[in-house]
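Peer 1: structure of the sequence below:
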Amino acid sequence: MEKKMIKARQLPNKYIYPIFLLATLIFLMLGNWGTALIFGGIGLAFDPFDQSIPFSKRPIWQRTVLLIHLVLVLSILVWLLIR
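Peer 2: Residues are numbered from 1 along each chain as shown. Coordinates of the predicted model:
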């Protein structure tokens with residue numbers, strides 16, 4: 001008897017990620033820093049790249065994009081805390 005692997009259904013992250021990124025930028029331009037922080041943080045959960053590859057084995061440009069995104073979200077957080 002063969003075992004069939006059931007593959008989990010993947011969300012269309014390459015479309016969801018830019019939507020959250022765009023929403024973050026729009027809220028930043030409108031001056032709504034708290035909402036921008038929320039959308040930016042949630043956007044990080046929707047990794048647009050191949051998630052089956054571990055982070056350390058991804059191309060350097062993919063890691064750079066995600067790390068820059070993280071630094072920007074943390075910068076917004078720090079700005080809100082010191083303001």
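Peer 1: count of neighbours near Ala45?
Peer 2: Neighbours of Ala45 under the rule other CB atoms under 10 Å: 11. The way it works is simple: take the backbone N, C-alpha and C, and place the C-beta from them, glycine included.
Peer 1: do you know how far it is from Ile82?
Peer 2: Look at Ala45 and Ile82: by CB to CB, to the nearest Å, they are 26 Å apart.
Peer 1: ok, now Leu11?
Peer 2: Going from Leu11 to Ile82 by CB to CB gives 35 Å.
Peer 1: who's more crowded, these two?
Peer 2: Using other CB under 10 Å as the criterion, Leu11 and Ile82 rank with Leu11 on top: 11 against 6.
Peer 1: using the three-state scheme, assign that one.
Peer 2: With DSSP: H, G, I helix; E, B strand; the rest coil as the basis, Leu11 sits in coil.
Peer 1: hmm, it is touching Phe46, no?
Peer 2: Yes: the pair Leu11 / Phe46 is scored as a contact, 7.1 Å apart, by CB atoms under 8 Å.
Peer 1: what residues does stretch 52-72 touch?
Peer 2: For stretch 52-72, the surrounding residues in contact (CB atoms under 8 Å, 6 or more residues apart in numbering) are 21, 40, 43-44, 47, 49-50.
Peer 1: chain center to the biggest helix by length in the chain: distance?
Peer 2: Ranked by residue count under DSSP state H, the longest helix found in the chain is helix 60-82. Distance of helix 60-82 from its chain centroid, counting by CA atoms, centre = their mean, to the nearest Å, is 10 Å.
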